[in-house]
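Novice: how would this look folded up:
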Amino acid sequence: MTFQQLLTDTALAFVMLGVAFWPLEWAFSARVGQRILRPAWGVDFAFFLGQYFVWAPLSVLAIMVARPLLQPEALAGLRAAVALQPTWLQVVEATVLCDLCVYGWHRLCHEVDWLWRFHAVHHSVEHLDWMAAHREHPLDGLTTQFVCNLPAFVLGIPLGPLTMVAAFRGMWAIFIHSNVRLPLGPLGFLFGAPELHHWHHARVEQTRHNFANLAPYMDWLFGTYHRPTGEERWALGLAEPFPRGYLAQLFLPLRDLVFPGRKAQERTQPS
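Specialist: Residues are numbered from 1 along each chain as shown. Below is the predicted model of the structure:
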């Protein structure tokens, strides 16, 4: 892909997402009065550009390189059996296993210190909207995508049938960060609603709820489900000091790994 094509695709993605989400955020605001150009919008825009220009293409490349390594000969019989299943069943299996893996990984990112250092970048956002969804450390994003695709790779499920599911999951991940209060009724048990994930971003000492961003039934199964009521007035972000610049947020977790004596063990892990 040429730089010009990458630039065109990034600009098109920005316009399409803005057209899709800005009207929703205006009509169904979770936090009425929040401006489009709210504080730190520029930082999240830098994360948006970084993802589309650099990190997402590199993540796709890394995942495709790793795919053959995750198909051991010992599981060839299992993959052959899965290949005989109808496509719809393969997609359902891959989706449910993906939801389970992502739930477990996300929960670990909150409970294991060296994983939290990277995931904390995402939780440093203090104003949620569709742009805030892109604030994510590239290593956090890469490992999450790797975990999400792991079941399909191991089972040998072709990526083609999963393309639409992946696109839907990507859009839904942006939706649950948007400044929207739009309860989904019974569908909220299968598809995460924004208020669930907004609560997950609450500035508390340690979150215990809503780790399954896109599959609330996983939280229900493991006892971590909570649906907040009333207006969204809780503070968002981290309970600890955190750098605000794009590059500083990228390098802080790496610095903590290189200089473990500086890691903030005294930090309490916020949501």
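Novice: helix or strand: which one has Asp44?
Specialist: helix 41-50 (DSSP states H and E).
Novice: quick one: buried residues of that helix?
Specialist: Val43, Asp44, Phe45, Ala46, Phe47, Phe48, Gly50 (16 or more other CB atoms under 10 Å). Every C-beta, even on glycine, is put in place using the N, C-alpha and C of the backbone.
Novice: contacting residues around that helix?
Specialist: 10, 14, 125, 127, 131-132, 134-136, 138, 244-246, 249 (CB atoms under 8 Å, 6 or more residues apart in numbering).
Novice: can you do 7 Å?
Specialist: Thr10, Val125, Met131, Ala132, His134, Arg135, Glu136, Arg244, Gly245, Tyr246 (CB atoms under 7 Å, 6 or more residues apart in numbering).
Novice: same question for stretch 131-142.
Specialist: Taking CB under 7 Å, 6+ apart as the rule, stretch 131-142 contacts 41, 44-45, 47-48, 51, 55, 59, 62, 118-119, 121-122, 125, 173-174, 177, 250, 253.
Novice: picking up where we left off before, tell me the most packed of the contacts of helix 41-50, by neighbour count.
Specialist: Met131 (29 neighbours; other CB atoms under 10 Å).
Novice: show the pLDDT at that one.
Specialist: Met131 carries a pLDDT value of 97.
Novice: buried residues in stretch 15-22?
Specialist: In stretch 15-22, counting by 16+ other CB under 10 Å, buried: Leu17, Phe21, Trp22.
Novice: hmm, the second one is touching Trp130, no?
Specialist: Yes: proximity of Phe21 to Trp130 meets the contact threshold set by CB atoms under 7 Å, at 3.9 Å.
Novice: now list whatever residues contact both of the two.
Specialist: With CB under 7 Å, 6+ apart, Phe21 and Trp130 have common neighbours Ile174, Ser178.
Novice: on that earlier part again, so for the helix holding Asp44, what's the average pLDDT?
Specialist: Here the average pLDDT along helix 41-50 is 97.
Novice: can you tell me the closest non-neighbouring residue to Thr224?
Specialist: His209 (5.3 Å; CB to CB, 6 or more residues apart in numbering).
Novice: quick one: secondary structure of the one you found?
Specialist: coil (DSSP: H, G, I helix; E, B strand; the rest coil).
Novice: so where's this protein shaky on pLDDT?
Specialist: By pLDDT under 70, the weakly predicted segments of the chain are 1, 256-271.
Novice: swap in 80 and give it another go.
Specialist: Applying pLDDT under 80 to the chain flags residues 1-3, 205-206, 256-271.
Novice: okay, which residue is most central for it?
Specialist: Ala173 (6.0 Å; CA atoms, centre = their mean).
Novice: which residues are in contact with that one?
Specialist: Ala133, Asn213, Leu214.
Novice: ok, so of those, who is nearest Glu73?
Specialist: Of all those, Glu73 sits closest to Leu214, with 32.7 Å by CB to CB.
Novice: does the closest one sit in a helix, a strand or a coil?
Specialist: coil.
Novice: how far away is it from Glu231?
Specialist: According to CB to CB, to the nearest Å, Leu214 stands 24 Å off from Glu231.
Novice: can you check His122 too?
Specialist: In terms of CB to CB, His122 sits 24 Å off from Glu231.
Novice: these two: which has the busier surroundings?
Specialist: Per other CB under 10 Å, whichever of His122 and Glu231 has more neighbours is His122, with 21 against 10.
Novice: helix or strand for that one, which one?
Specialist: Assessed by DSSP H and E, His122 sits inside helix 113-123.
Novice: counting by contacts, list what that helix packs against.
Specialist: Here helix 113-123 touches helix 87-111, helix 138-155, helix 246-258, going by 3 or more CB pairs under 7 Å, 6 or more residues apart in numbering; DSSP states H and E.
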